[in-house]
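Model the following, please.
(one chain, ligands or ions: 1)
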Amino acid sequence: MNFTDFGFDPRLMEGIESLGFEIPTPIQQQAIPVIMEGKDLIGAAQTGTGKTAAFLLPIIHRVLKEDSGSGIKALVIVPTRELAVQIDQHMQGLSYFTSVSSVAIYGGTDGATFTREKTALTEGVDVVICTPGRMLAHLNMGYVNFSTIRSLVLDEADRMLDMGFVDDIMKIISHVPKVRQTLLFSATIPTDIKILAKKVLNDPSEINIALSKPAEKILQLAYSVYDTQKLPLVKYLLGTSKGRTILIFCSTKSSTKLLSRELKKAGLEVQEIHSDLEQKERESVMNNFRAKDIQVLVATDVVSRGIDVENIDLVLNYDVPNDAEDYVHRIGRTARAEASGVAITFINPDGQWKFAEIEKLLGKSIHKGAIPSQFGEAPEYAPKKRPIGNFRRGKR
Ligand code: AMP
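You can find the predicted model right below:
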(Lines give C-alpha, C1' and ligand atoms only; values in the text may rest on other atoms or scores of the structure.)
Protein backbone atom coordinates (compact mmCIF):
# COMPACT_ATOMS: atom_id res chain seq x y z
CA MET A 1 0.00 0.00 0.00
CA ASN A 2 1.11 3.50 -0.87
CA PHE A 3 0.16 7.02 0.28
CA THR A 4 -1.20 7.67 -3.24
CA ASP A 5 -3.88 4.99 -2.61
CA PHE A 6 -5.71 7.20 -0.09
CA GLY A 7 -6.72 9.85 -2.63
CA PHE A 8 -5.27 12.73 -0.61
CA ASP A 9 -5.23 16.30 -1.90
CA PRO A 10 -2.02 16.88 -3.94
CA ARG A 11 -0.93 19.66 -1.55
CA LEU A 12 -1.10 17.18 1.31
CA MET A 13 0.89 14.63 -0.69
CA GLU A 14 3.63 17.24 -0.99
CA GLY A 15 3.76 17.53 2.81
CA ILE A 16 3.95 13.75 3.19
CA GLU A 17 6.78 13.57 0.67
CA SER A 18 8.66 16.44 2.25
CA LEU A 19 8.65 14.59 5.58
CA GLY A 20 10.14 11.58 3.81
CA PHE A 21 7.21 9.24 4.53
CA GLU A 22 7.19 6.59 1.81
CA ILE A 23 5.06 3.72 3.03
CA PRO A 24 2.10 4.08 5.40
CA THR A 25 2.66 2.36 8.75
CA PRO A 26 0.22 -0.44 9.73
CA ILE A 27 -2.00 1.90 11.79
CA GLN A 28 -2.07 4.36 8.89
CA GLN A 29 -2.95 1.59 6.42
CA GLN A 30 -5.83 0.48 8.59
CA ALA A 31 -7.08 3.74 10.07
CA ILE A 32 -6.88 6.20 7.17
CA PRO A 33 -9.47 4.48 4.89
CA VAL A 34 -11.90 4.17 7.83
CA ILE A 35 -11.46 7.84 8.79
CA MET A 36 -11.76 8.96 5.15
CA GLU A 37 -15.09 7.10 4.99
CA GLY A 38 -16.29 9.31 7.84
CA LYS A 39 -16.66 6.55 10.41
CA ASP A 40 -15.86 6.89 14.12
CA LEU A 41 -12.81 4.95 15.23
CA ILE A 42 -11.19 3.43 18.31
CA GLY A 43 -7.50 2.85 17.65
CA ALA A 44 -5.52 0.79 20.13
CA ALA A 45 -2.03 2.00 19.30
CA GLN A 46 0.83 3.51 21.19
CA THR A 47 3.25 6.26 20.32
CA GLY A 48 5.82 5.28 17.72
CA THR A 49 3.32 3.54 15.45
CA GLY A 50 2.62 6.60 13.28
CA LYS A 51 -0.80 7.20 14.82
CA THR A 52 -0.47 11.00 14.76
CA ALA A 53 -0.28 11.16 10.97
CA ALA A 54 -3.00 8.48 10.84
CA PHE A 55 -5.50 11.00 12.20
CA LEU A 56 -3.95 14.29 11.06
CA LEU A 57 -3.79 13.39 7.37
CA PRO A 58 -7.53 12.66 6.91
CA ILE A 59 -8.38 15.71 9.04
CA ILE A 60 -6.25 18.04 6.90
CA HIS A 61 -7.67 16.45 3.74
CA ARG A 62 -11.20 17.01 5.01
CA VAL A 63 -10.55 20.66 5.84
CA LEU A 64 -9.10 21.20 2.36
CA LYS A 65 -12.02 19.46 0.69
CA GLU A 66 -14.95 20.74 2.67
CA ASP A 67 -14.77 24.44 3.31
CA SER A 68 -12.82 27.59 3.76
CA GLY A 69 -14.83 29.30 6.51
CA SER A 70 -12.88 30.69 9.42
CA GLY A 71 -14.39 28.52 12.21
CA ILE A 72 -12.60 25.73 14.06
CA LYS A 73 -12.95 22.48 12.09
CA ALA A 74 -11.17 19.94 14.26
CA LEU A 75 -10.31 19.56 17.92
CA VAL A 76 -7.59 17.24 19.20
CA ILE A 77 -7.52 16.69 22.98
CA VAL A 78 -4.30 15.30 24.48
CA PRO A 79 -3.00 14.69 28.02
CA THR A 80 0.22 16.73 28.10
CA ARG A 81 1.71 19.97 26.84
CA GLU A 82 4.60 18.11 25.30
CA LEU A 83 2.25 15.99 23.23
CA ALA A 84 0.22 19.05 22.18
CA VAL A 85 3.38 20.79 20.96
CA GLN A 86 4.61 17.69 19.21
CA ILE A 87 1.31 17.08 17.38
CA ASP A 88 1.21 20.74 16.35
CA GLN A 89 4.72 20.42 14.91
CA HIS A 90 3.65 17.25 13.07
CA MET A 91 0.62 19.17 11.81
CA GLN A 92 2.74 22.05 10.55
CA GLY A 93 5.00 19.63 8.66
CA LEU A 94 2.14 17.76 7.00
CA SER A 95 0.10 20.88 6.16
CA TYR A 96 3.08 22.98 5.06
CA PHE A 97 1.93 23.23 1.42
CA THR A 98 -1.71 23.89 2.33
CA SER A 99 -3.55 26.84 3.87
CA VAL A 100 -4.74 24.77 6.85
CA SER A 101 -3.84 26.39 10.16
CA SER A 102 -3.43 25.00 13.66
CA VAL A 103 -2.73 26.09 17.20
CA ALA A 104 -1.56 24.27 20.33
CA ILE A 105 -3.38 25.36 23.50
CA TYR A 106 -1.63 23.98 26.53
CA GLY A 107 -1.35 26.30 29.49
CA GLY A 108 1.34 26.48 32.11
CA THR A 109 2.71 29.58 30.45
CA ASP A 110 2.42 33.33 30.92
CA GLY A 111 -0.48 35.74 30.39
CA ALA A 112 0.75 36.83 26.98
CA THR A 113 0.46 33.24 25.77
CA PHE A 114 -3.10 33.07 27.06
CA THR A 115 -3.91 36.18 25.05
CA ARG A 116 -2.26 34.74 21.94
CA GLU A 117 -4.26 31.54 22.36
CA LYS A 118 -7.44 33.59 22.78
CA THR A 119 -6.69 35.50 19.59
CA ALA A 120 -6.12 32.27 17.64
CA LEU A 121 -9.32 30.77 19.01
CA THR A 122 -11.46 33.81 18.24
CA GLU A 123 -9.95 34.99 14.95
CA GLY A 124 -10.11 31.61 13.30
CA VAL A 125 -7.94 28.54 13.15
CA ASP A 126 -8.72 25.22 11.49
CA VAL A 127 -7.28 22.68 13.92
CA VAL A 128 -6.97 23.13 17.68
CA ILE A 129 -4.71 20.80 19.66
CA CYS A 130 -5.24 21.21 23.38
CA THR A 131 -4.79 19.89 26.88
CA PRO A 132 -8.11 19.64 28.75
CA GLY A 133 -7.57 22.11 31.62
CA ARG A 134 -6.38 24.98 29.47
CA MET A 135 -9.08 24.44 26.84
CA LEU A 136 -11.73 24.50 29.54
CA ALA A 137 -10.28 27.76 30.92
CA HIS A 138 -10.80 29.37 27.49
CA LEU A 139 -14.24 27.81 27.05
CA ASN A 140 -15.34 29.14 30.44
CA MET A 141 -14.51 32.68 29.32
CA GLY A 142 -17.30 32.38 26.76
CA TYR A 143 -15.54 33.52 23.57
CA VAL A 144 -14.82 30.11 22.01
CA ASN A 145 -17.19 28.90 19.33
CA PHE A 146 -17.08 25.16 18.69
CA SER A 147 -20.20 25.00 16.50
CA THR A 148 -18.18 24.48 13.30
CA ILE A 149 -16.18 21.48 14.60
CA ARG A 150 -16.67 18.32 12.57
CA SER A 151 -13.76 16.18 13.76
CA LEU A 152 -12.88 15.37 17.36
CA VAL A 153 -9.83 13.37 18.40
CA LEU A 154 -9.04 12.04 21.87
CA ASP A 155 -5.38 11.03 21.83
CA GLU A 156 -3.75 8.90 24.54
CA ALA A 157 -7.18 8.56 26.10
CA ASP A 158 -5.97 6.07 28.74
CA ARG A 159 -3.38 8.57 29.91
CA MET A 160 -6.02 11.31 30.11
CA LEU A 161 -8.26 9.16 32.28
CA ASP A 162 -5.28 8.28 34.46
CA MET A 163 -4.59 11.95 34.96
CA GLY A 164 -8.16 12.52 36.09
CA PHE A 165 -9.29 14.52 33.04
CA VAL A 166 -12.53 12.66 32.38
CA ASP A 167 -14.86 15.39 33.69
CA ASP A 168 -12.96 18.14 31.86
CA ILE A 169 -13.10 16.12 28.66
CA MET A 170 -16.84 15.57 28.95
CA LYS A 171 -17.38 19.29 29.61
CA ILE A 172 -15.35 20.20 26.52
CA ILE A 173 -17.22 17.66 24.41
CA SER A 174 -20.55 19.12 25.55
CA HIS A 175 -19.61 22.25 23.53
CA VAL A 176 -18.85 20.22 20.36
CA PRO A 177 -21.72 19.50 17.92
CA LYS A 178 -23.19 16.00 18.22
CA VAL A 179 -22.96 15.50 14.46
CA ARG A 180 -19.25 14.97 14.10
CA GLN A 181 -16.62 12.33 13.50
CA THR A 182 -14.90 11.14 16.67
CA LEU A 183 -11.60 9.28 16.82
CA LEU A 184 -10.20 7.83 20.03
CA PHE A 185 -6.64 6.56 20.37
CA SER A 186 -5.36 4.74 23.42
CA ALA A 187 -2.43 2.42 24.17
CA THR A 188 -4.85 -0.05 25.75
CA ILE A 189 -8.62 -0.30 25.92
CA PRO A 190 -9.54 -1.11 29.54
CA THR A 191 -13.12 -0.88 30.81
CA ASP A 192 -13.06 2.84 31.66
CA ILE A 193 -12.00 3.64 28.09
CA LYS A 194 -14.82 1.45 26.75
CA ILE A 195 -17.27 3.38 28.92
CA LEU A 196 -15.93 6.71 27.66
CA ALA A 197 -16.01 5.44 24.06
CA LYS A 198 -19.67 4.44 24.44
CA LYS A 199 -20.51 7.97 25.55
CA VAL A 200 -18.64 9.89 22.87
CA LEU A 201 -18.35 7.65 19.80
CA ASN A 202 -21.03 6.48 17.41
CA ASP A 203 -20.79 2.86 16.19
CA PRO A 204 -16.99 3.01 15.94
CA SER A 205 -14.72 0.73 13.92
CA GLU A 206 -11.97 -0.78 16.03
CA ILE A 207 -8.33 -1.14 15.08
CA ASN A 208 -5.79 -2.83 17.25
CA ILE A 209 -2.07 -2.50 16.70
CA ALA A 210 -0.76 -5.01 19.21
CA LEU A 211 0.87 -3.47 22.25
CA SER A 212 4.19 -5.26 22.05
CA LYS A 213 4.58 -4.77 18.30
CA PRO A 214 6.82 -1.71 18.15
CA ALA A 215 8.97 -3.35 20.77
CA GLU A 216 9.82 -6.20 18.42
CA LYS A 217 12.54 -4.18 16.74
CA ILE A 218 14.04 -3.17 20.07
CA LEU A 219 16.84 -5.18 21.61
CA GLN A 220 15.74 -5.45 25.22
CA LEU A 221 18.18 -6.30 27.99
CA ALA A 222 18.05 -6.18 31.77
CA TYR A 223 20.62 -6.32 34.53
CA SER A 224 19.83 -7.53 38.03
CA VAL A 225 21.76 -5.16 40.30
CA TYR A 226 21.96 -3.77 43.82
CA ASP A 227 21.21 -0.04 44.10
CA THR A 228 24.85 0.69 44.89
CA GLN A 229 25.92 -0.90 41.58
CA LYS A 230 23.67 1.28 39.41
CA LEU A 231 25.75 4.44 39.24
CA PRO A 232 29.10 2.77 38.45
CA LEU A 233 27.34 0.57 35.89
CA VAL A 234 25.57 3.45 34.17
CA LYS A 235 28.86 5.36 33.92
CA TYR A 236 30.48 2.24 32.44
CA LEU A 237 27.67 1.77 29.91
CA LEU A 238 27.73 5.44 28.90
CA GLY A 239 31.48 5.27 28.55
CA THR A 240 31.00 2.58 25.91
CA SER A 241 28.24 4.56 24.14
CA LYS A 242 30.15 7.64 22.95
CA GLY A 243 28.31 9.63 20.31
CA ARG A 244 25.02 7.84 20.95
CA THR A 245 21.77 9.53 21.94
CA ILE A 246 20.67 8.24 25.30
CA LEU A 247 17.49 8.69 27.30
CA ILE A 248 17.58 7.60 30.94
CA PHE A 249 14.40 7.22 32.97
CA CYS A 250 14.27 7.44 36.74
CA SER A 251 11.15 6.82 38.76
CA THR A 252 11.43 9.94 40.94
CA LYS A 253 12.39 13.58 40.57
CA SER A 254 15.06 13.27 43.25
CA SER A 255 16.81 10.32 41.61
CA THR A 256 16.60 12.16 38.26
CA LYS A 257 18.37 15.18 39.74
CA LEU A 258 20.92 13.08 41.59
CA LEU A 259 21.85 10.98 38.58
CA SER A 260 22.06 14.00 36.31
CA ARG A 261 24.44 15.68 38.78
CA GLU A 262 26.64 12.58 39.05
CA LEU A 263 26.85 12.16 35.28
CA LYS A 264 27.74 15.83 34.82
CA LYS A 265 30.51 15.36 37.39
CA ALA A 266 31.73 12.45 35.29
CA GLY A 267 32.11 14.87 32.36
CA LEU A 268 29.08 13.85 30.27
CA GLU A 269 26.86 16.28 28.37
CA VAL A 270 23.71 15.78 30.37
CA GLN A 271 20.46 17.61 30.91
CA GLU A 272 17.45 16.66 33.00
CA ILE A 273 13.72 17.01 32.59
CA HIS A 274 11.05 16.69 35.26
CA SER A 275 8.02 18.49 36.56
CA ASP A 276 10.02 21.00 38.63
CA LEU A 277 11.14 22.70 35.43
CA GLU A 278 9.17 25.59 33.96
CA GLN A 279 7.44 24.87 30.67
CA LYS A 280 9.96 27.05 28.79
CA GLU A 281 12.89 25.20 30.36
CA ARG A 282 11.36 21.84 29.46
CA GLU A 283 10.85 22.91 25.87
CA SER A 284 14.40 24.18 25.66
CA VAL A 285 15.79 20.89 27.06
CA MET A 286 13.68 18.88 24.61
CA ASN A 287 14.83 21.07 21.72
CA ASN A 288 18.48 20.61 22.72
CA PHE A 289 17.96 16.87 22.92
CA ARG A 290 16.14 16.75 19.57
CA ALA A 291 18.91 18.79 17.97
CA LYS A 292 21.41 16.33 19.49
CA ASP A 293 23.17 19.19 21.30
CA ILE A 294 23.11 17.02 24.40
CA GLN A 295 23.96 13.37 24.40
CA VAL A 296 22.18 12.23 27.52
CA LEU A 297 18.77 13.22 28.83
CA VAL A 298 17.76 12.07 32.30
CA ALA A 299 14.00 12.16 32.75
CA THR A 300 11.10 11.22 34.93
CA ASP A 301 8.28 9.68 33.01
CA VAL A 302 6.88 13.15 32.26
CA VAL A 303 8.39 12.51 28.86
CA SER A 304 7.85 8.77 28.58
CA ARG A 305 4.79 9.12 26.41
CA GLY A 306 4.09 11.08 23.37
CA ILE A 307 7.42 12.79 22.98
CA ASP A 308 8.71 12.46 19.51
CA VAL A 309 12.47 12.40 19.43
CA GLU A 310 13.97 10.58 16.53
CA ASN A 311 16.82 8.13 16.62
CA ILE A 312 17.37 7.57 20.30
CA ASP A 313 19.98 4.84 20.37
CA LEU A 314 19.55 3.70 23.93
CA VAL A 315 16.78 3.93 26.48
CA LEU A 316 17.95 3.09 29.97
CA ASN A 317 15.53 2.44 32.80
CA TYR A 318 17.61 3.36 35.82
CA ASP A 319 14.70 2.12 37.94
CA VAL A 320 12.10 -0.44 36.95
CA PRO A 321 9.03 1.57 35.85
CA ASN A 322 6.21 1.59 38.39
CA ASP A 323 3.67 0.73 35.77
CA ALA A 324 4.09 -2.11 33.30
CA GLU A 325 2.66 -0.04 30.46
CA ASP A 326 5.11 2.74 31.19
CA TYR A 327 7.86 0.27 30.38
CA VAL A 328 6.44 -0.21 26.89
CA HIS A 329 6.05 3.55 26.45
CA ARG A 330 9.54 4.28 27.70
CA ILE A 331 11.27 1.78 25.48
CA GLY A 332 9.04 3.00 22.65
CA ARG A 333 11.29 6.10 22.59
CA THR A 334 13.80 4.01 20.71
CA ALA A 335 13.17 2.09 17.49
CA ARG A 336 10.68 4.66 16.20
CA ALA A 337 9.05 3.93 12.84
CA GLU A 338 11.76 2.19 10.80
CA ALA A 339 14.76 2.56 13.11
CA SER A 340 15.92 0.01 15.68
CA GLY A 341 17.31 0.59 19.15
CA VAL A 342 18.37 -0.82 22.49
CA ALA A 343 16.53 -0.71 25.81
CA ILE A 344 18.27 -1.62 29.06
CA THR A 345 16.63 -1.91 32.48
CA PHE A 346 18.34 -2.03 35.86
CA ILE A 347 16.40 -4.29 38.21
CA ASN A 348 17.14 -3.87 41.90
CA PRO A 349 15.94 -6.58 44.31
CA ASP A 350 12.79 -4.56 45.16
CA GLY A 351 12.03 -4.12 41.48
CA GLN A 352 12.17 -7.81 40.57
CA TRP A 353 8.47 -8.50 41.04
CA LYS A 354 7.64 -5.37 39.01
CA PHE A 355 9.85 -6.55 36.20
CA ALA A 356 8.18 -9.97 36.31
CA GLU A 357 4.85 -8.12 35.80
CA ILE A 358 6.34 -6.35 32.79
CA GLU A 359 7.50 -9.63 31.31
CA LYS A 360 4.00 -11.00 31.81
CA LEU A 361 2.55 -8.03 29.90
CA LEU A 362 5.09 -8.49 27.10
CA GLY A 363 4.39 -12.21 27.01
CA LYS A 364 8.09 -13.03 27.01
CA SER A 365 11.07 -12.93 29.30
CA ILE A 366 13.79 -10.35 28.70
CA HIS A 367 17.39 -11.48 28.53
CA LYS A 368 19.26 -10.79 31.79
CA GLY A 369 22.83 -9.74 31.14
CA ALA A 370 25.68 -10.47 33.55
CA ILE A 371 27.37 -7.31 34.86
CA PRO A 372 31.16 -7.16 34.46
CA SER A 373 32.95 -8.73 37.44
CA GLN A 374 34.58 -5.46 38.56
CA PHE A 375 31.18 -4.32 39.83
CA GLY A 376 31.00 -7.18 42.32
CA GLU A 377 28.42 -9.89 42.72
CA ALA A 378 24.93 -9.10 41.42
CA PRO A 379 21.72 -10.31 43.06
CA GLU A 380 20.10 -13.38 41.58
CA TYR A 381 16.99 -12.63 39.50
CA ALA A 382 14.34 -14.65 41.30
CA PRO A 383 11.17 -12.55 41.43
CA LYS A 384 8.69 -13.26 44.17
CA LYS A 385 4.96 -12.66 43.92
CA ARG A 386 3.82 -9.02 43.90
CA PRO A 387 3.43 -7.58 47.37
CA ILE A 388 0.08 -6.10 48.35
CA GLY A 389 -0.07 -2.81 46.54
CA ASN A 390 -1.34 -1.37 43.33
CA PHE A 391 1.24 -1.88 40.63
CA ARG A 392 -0.91 -2.19 37.58
CA ARG A 393 -0.37 -4.51 34.68
CA GLY A 394 -2.05 -3.39 31.51
CA LYS A 395 -4.78 -1.75 33.53
CA ARG A 396 -5.18 2.01 33.64
P1 AMP B 1 3.79 8.72 16.18
O2 AMP B 1 3.45 7.32 16.56
O3 AMP B 1 2.65 9.40 15.52
O4 AMP B 1 4.35 9.49 17.35
O5 AMP B 1 4.93 8.66 15.05
C6 AMP B 1 6.17 8.08 15.27
C7 AMP B 1 7.24 8.58 14.31
O8 AMP B 1 7.09 7.95 13.05
C9 AMP B 1 7.23 10.07 14.03
O10 AMP B 1 8.58 10.50 14.08
C11 AMP B 1 6.70 10.21 12.63
O12 AMP B 1 7.24 11.34 11.98
C13 AMP B 1 7.16 8.92 12.00
N14 AMP B 1 6.27 8.42 10.94
C15 AMP B 1 4.92 8.45 10.94
N16 AMP B 1 4.44 7.89 9.82
C17 AMP B 1 5.51 7.49 9.09
C18 AMP B 1 5.66 6.84 7.83
N19 AMP B 1 4.61 6.46 7.12
N20 AMP B 1 6.92 6.60 7.39
C21 AMP B 1 7.99 6.97 8.13
N22 AMP B 1 7.92 7.58 9.34
C23 AMP B 1 6.70 7.84 9.82
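
So which elements touch the lowest-mean-pLDDT helix or strand in the chain?
The least trusted helix or strand in the chain, going by mean pLDDT, DSSP states H and E, turns out to be helix 324-331, with a mean of 79. Applying 3 or more Cβ pairs under 8 Å, 6 or more residues apart in numbering; DSSP states H and E, one finds that helix 324-331 contacts strand 314-317, strand 341-347, helix 352-362. To be clear about C-beta, it is placed using only N, CA and C from the backbone, and glycine gets the same treatment.

Please produce TSV containing the ones you listed, extended by distance to the ligand and mean pLDDT.
Converted to TSV, these look like this (distance: least, Cβ to the nearest ligand atom, whole Å; pLDDT from 0 to 100):
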stretch	distance to the ligand	mean pLDDT
strand 314-317	15	92
strand 341-347	13	92
helix 352-362	19	87
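
Mind checking those for the one nearest to Ile172?
Among the helices and strands packed on helix 324-331, the nearest to Ile172 by Cβ to Cβ is helix 352-362 (31.4 Å).

What lies in contact with the next helix or strand after the closest one?
Where DSSP states H and E defines the elements, the next helix or strand beyond helix 352-362 is strand 367-369. Residues outside strand 367-369 that contact it (Cβ atoms under 8 Å, 6 or more residues apart in numbering): Gln220, Leu221, Ala222, Tyr223, Ser224, Ile347, Tyr381.

Please parse this structure into its domains.
3-208, 218-394 (automatic domain parsing).

Can you flag the weakest of the ones you listed by average pLDDT?
Of all these, the minimum mean pLDDT falls on domain 218-394 (a mean of 84).

if we can go back for a sec, Leu154 is nearest to which of the helices and strands packed on helix 324-331?
Per Cβ to Cβ, nearest to Leu154 of these: helix 352-362, 23.2 Å.

Can you tell me which helices and strands that closest one packs against?
helix 324-331.

show me what contacts Phe289?
Going by Cβ under 8 Å, 6+ apart, Phe289 touches Thr245, Leu247, Gln271, Leu297, Val309.

Secondary structure element holding it?
Element membership of Phe289, judged by DSSP H and E, is helix 279-290.

near the ligand at all, that helix?
No: for helix 279-290 and the ligand, the contact criterion (Cβ under 6 Å from any ligand atom) is not met; the two come no nearer than 10.7 Å.

mind listing what's buried in that helix?
Gln279, Arg282, Glu283, Val285, Met286, Phe289, Arg290 (16 or more other Cβ atoms under 10 Å).

Repeat that for stretch 157-170.
Ala157, Asp158, Arg159, Met160, Leu161, Asp162, Phe165, Val166, Asp168, Ile169.
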